[in-house]
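Participant: model the following, please.
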Amino acid sequence: MTFYDEIKNLNWEETKNKIYSKTVEDVLNAINKSGNRTLEDFCALISPAALPYLENMAQLSQSITQKRFGKTIQLYIPLYLSNECTNGCTYCGFNHSNKIKRKTLNEQEIIEEINIIKKLGFEHILLVTGEHQKKTDFEYIKNAVKLASNYFSLVSLEIQPLDTSEYLELTKCGLNTVYVYQETYNEKKYPVYHPTGKKSNFQYRLETPDRLGKSGVHKIGLGTLIGLEDWRTEAFVMARHLQYLEKKYWQTKFSISFPRLRPHQGNFTPNYPINEAELVQLITAYRLFNENVELSLSTRESAIFRNHTMKLGITTMSAGSKTEPGGYANSTKELEQFNVNDDRSPLEVCQLIQQNGYEAVWKDWSNYFQK
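Facilitator: Sure, this is the predicted structure:
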């Protein structure tokens, strides 16, 4: 039994209509609720009817977050190992059909990138690749995790989905967290965005968090690519996914990310754009729904937006990100997955966090606990 079995008969339009039919009364009941909020409450909080109450949601989200996490922001940085990919995802700069330069870092280049990142002060590194079963196969990923764990306290992955046994082996090498974005939970529309490649298998990708839970990975990161389908419906299904995972894999931690489509090589235009007020609504709705989940905001968003939202529910932020392999040693725009929006240095982001009365956390985990 996996999450796919739970939602395979989900009616997308009925779910969407349920969200959009929520009333002001439903919203106020959800905001003022004293106990744990339900999925029905979450429906109300992400509905159009909740937008006039965004200030109420933001204040409550800030209070809940500070109570649970304190006034802290965890910092991480992505290290792109490869931009080679066999998938044909219509929205991605790494699409194998895009005429861009391709590169996969060798071991020496990985170490060079690691040394540069280490000097910036980071203790949490996110290893990222395109999805290429030969150029970045399991042994390549395993070696990269081993290398990174020699330098960093917390090693995360955002790569192609793997089998349970492979995740189990990687945890023994120092892997702490895996981020796997479903991109869209709309199974009927999924093939439109993923016409070719291994990623075109909707069920295999959807069941990745189940395999991660079985492998005992410390933290699982969820997300949808905001802009593909109606963001409210996507958010509801992902909240349902989170609730399912927390119940089944109760020893595991979870995080939610909010990647909005950014300019990249190719001609894809978001079908369902979300504005900044709506993104704040989404972030705060998740916090009101689940006080324990970590909420992450990347450099896809502008510096101004990140400045204002870091106190409204966000617990984790990237800084100084490069989205191309080898980008910290030699930045090459032709290799990028997408254009970074917030290009401030890690030091500048850290100073801004401190100016807001928060503490920048470079390390919140040690591999010692996995021994």
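Participant: residue nearest the middle of this protein, spatially speaking?
Facilitator: Nearest to the geometric centre of the chain sits Ser257, at 3.3 Å (Cα atoms, centre = their mean).
Participant: how about that one: what's its closest non-neighbour residue?
Facilitator: Distances taken as Cβ to Cβ, 6 or more residues apart in numbering put Gly223 closest to Ser257, at 3.8 Å, once the chain neighbours are dropped. The way it works is simple: take the backbone N, C-alpha and C, and place the C-beta from them, glycine included.
Participant: ok, the residue nearest to the centre of the chain - contacts?
Facilitator: Tyr179, Tyr181, Gly221, Leu222, Gly223, Ser296, Leu297, Ser298 (Cβ atoms under 8 Å, 6 or more residues apart in numbering).
Participant: TSV please, covering the residues you listed and showing distance to Thr2 and neighbour count.
Facilitator: Shown next, in TSV, are those (distance: Cβ to Cβ, whole Å; neighbours: other Cβ atoms under 10 Å):
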residue	distance to Thr2	neighbour count
Tyr179	19	20
Tyr181	17	16
Gly221	18	23
Leu222	14	20
Gly223	18	20
Ser296	24	20
Leu297	29	23
Ser298	28	24
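Participant: please enumerate the helices of the stretch 51-200 of the chain.
Facilitator: Here the stretch 51-200 of the chain has its helices, by DSSP state H, counting those that start in this stretch, at 54-69, 107-119, 138-149, 164-172, 190-193.
Participant: residues of the shortest one that come out buried?
Facilitator: Read that as helix 190-193. Tyr190, Tyr193 (16 or more other Cβ atoms under 10 Å).
Participant: next helix or strand past that helix?
Facilitator: Proceeding N to C from helix 190-193, the next assigned helix or strand is helix 202-206, under DSSP states H and E.
Participant: on that earlier part again, which residues does the residue nearest to Ser257 contact?
Facilitator: Tyr179, Tyr181, Gln182, Met238, Ile256, Ser257, Phe258, Pro259.
Participant: next one: whichever strand or helix holds the fourth one to chain centre, how far?
Facilitator: Pointing back at Met238 there. Taking DSSP H and E as the criterion, Met238 maps to helix 231-248. Offset of helix 231-248 from its chain centre (Cα atoms, centre = their mean, to the nearest Å): 14 Å.
Participant: what ranges of the stretch 1-150 of the chain fall below the confidence cut-off?
Facilitator: The model of the stretch 1-150 of the chain has no residue with pLDDT under 70.
Participant: rerun that using 80 as the cut-off
Facilitator: Scanning the stretch 1-150 of the chain with the threshold set as pLDDT under 80 gives 93, 99.
Participant: Asp26 reaches Phe42, doesn't it?
Facilitator: No. Between Asp26 and Phe42 there is no contact under Cβ atoms under 8 Å: 10.8 Å.
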